[in-house]
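In: heads up, no residue letters with this:
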């Protein structure tokens, strides 16, 4: 059976917003077939509360992914939760949140994945419609590049290059089939340079950021206690972000994504470029052979990375 998925029961997450520093509670609930992912702000008037997690609701934001509705009600920093949904093959979810920013938790998607697997994933009697990339689409911003090109399954190829010796140049390519996201990427944390932290806080941002929910670099040093979870944790986190941003297509993507120094805004520009060209993509019903290789299909608790003591 070619099925969509939702949660069996609710998953609750509580923590601080990375930039606001304010406490927030987020409850992810089961949703019916073809519902997609929708955020609902419980702290605003119900008439203006719903915000679809779709590419055409993204508002340009340099530091995170932010979606807003016609009433200008928004939710920011959604990328890690979206990556976890994609990486667990959860297509339909209603996300109630009592503030304007998703909690940062440990700076990765691991807590979201753990919560979703604990809540359980339920198959629904409806086919999965995927977005198949038919020809190469590319956008650029200076030396940053984001590209989608035809491939049978979702692959992500990412390159980063930083002056900080502790980061440097990192590259990684990954086929996202099955539980690859959960095993390889889900525990990789957001990262920044100490100079960036100082600048953001001077401008009233990153107020909820700590050395426990972000990897902070300074020159050749890793300032966060315990060091890195992976030697190439920064590029893995950029791939995590990319998966979350690509899931805003509203369906799994069958294609190869390449990011070179790309960020949230450039990936959204890429989706806009893709969907503006009707000959560059098609919507296809996922067959049995492809179904078993989609991100997150069949993922189990044993796929979770082992948390450090």
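Out: Nice, I can see it. As the structure is a computational prediction, the values presented were derived from the model and not from experiment.
In: any idea where the helices of this protein begin and end?
Out: Ranges of helices in the chain, per DSSP state H, are 79-87, 110-119, 180, 194-202, 233-246, 264-275, 288-291.
In: what sits against the nearest residue to residue 274 once chain neighbours are set aside?
Out: In this structure, residue 274 finds its nearest non-sequential neighbour in residue 137, 4.8 Å apart by Cβ to Cβ, 6 or more residues apart in numbering. C-beta coordinates here come from the backbone N, C-alpha and C atoms, glycine included. Contacts for residue 137 (Cβ atoms under 8 Å, 6 or more residues apart in numbering) come out as 147-149, 270, 273-274, 277, 280.
In: closest one to residue 157 out of those residues, please.
Out: residue 147 (8.9 Å; Cβ to Cβ).
In: report how many residues lie close to the nearest residue to residue 20 once chain neighbours are set aside.
Out: Leaving aside its sequence neighbours, residue 20 sits nearest to residue 101 (Cβ to Cβ, 6+ apart; 5.3 Å). By the measure other Cβ atoms under 10 Å, the count of residues near residue 101 is 23.
In: quick check: bridge partners of residue 101?
Out: Residue 101 has the following beta-bridge partners by DSSP bridges: residue 76.
In: against residue 43, how distant is it?
Out: Taking Cβ to Cβ, to the nearest Å as the measure, residue 101 falls 12 Å from residue 43.
In: show me where the stretch 201-309 of the chain has strands.
Out: Using DSSP state E, counting those that start in this stretch, the strands assigned to the stretch 201-309 of the chain run over residues 215-218, 221-222, 253-254, 256-260, 281-285.
In: for the first one, packing partners?
Out: Meaning strand 215-218. strand 191-193, helix 194-202 (3 or more Cβ pairs under 8 Å, 6 or more residues apart in numbering; DSSP states H and E).
In: check the last one too.
Out: Helices and strands touching strand 281-285, as assessed by 3+ Cβ pairs under 8 Å, 6+ apart, comprise strand 129-133.
In: tell me which residues are up against the strand it packs on.
Out: 148-151, 249-256, 274, 280-286, 290, 294.
In: just the buried ones from the residues you listed?
Out: 148-149, 249-256, 274, 280-281, 286, 290, 294 (16 or more other Cβ atoms under 10 Å).
In: my guess is the residue nearest to residue 20 contacts residue 19, does it?
Out: Yes - at 6.4 Å, residue 101 counts as touching residue 19 under the criterion of Cβ atoms under 8 Å.
In: overlap of the contact sets of these two?
Out: By Cβ under 8 Å, 6+ apart, residue 101 and residue 19 have these common neighbours: 76-77.
In: so for stretch 278-297, mean pLDDT?
Out: If you average the pLDDT over stretch 278-297, you get 92.
In: measure it end to end?
Out: With Cα to Cα, to the nearest Å applied, stretch 278-297 spans 28 Å between its terminal residues.
In: could you list the low-confidence segments of this protein?
Out: Flagging of the chain using pLDDT under 70 yields the residue ranges 1-2, 205-209, 308-309.
In: tell me how far the residue minimising distance to the centre of it lies from residue 113.
Out: For the chain, residue 244 is the residue whose C-alpha lies nearest the centre (Cα atoms, centre = their mean; 2.1 Å). Distance from residue 244 to residue 113, counting by Cβ to Cβ: 12 Å.
In: could you name every residue contacting both of these two?
Out: With Cβ under 8 Å, 6+ apart, residue 244 and residue 113 have common neighbours residue 84.
In: ok now stretch 88-99, how far from the chain's centre?
Out: Offset of stretch 88-99 from its chain centre (Cα atoms, centre = their mean, to the nearest Å): 12 Å.
In: report the buried residues of it.
Out: Residues of stretch 88-99 classed as buried by neighbour count (16+ other Cβ under 10 Å): 88-97, 99.
In: ok, stretch 296-303 next?
Out: Under 16+ other Cβ under 10 Å, the buried positions of stretch 296-303 are 296-297, 299, 303.
In: who touches it?
Out: With Cβ under 8 Å, 6+ apart, stretch 296-303 has contacts from 86-90, 117, 121, 178-179, 181-183, 291-292.
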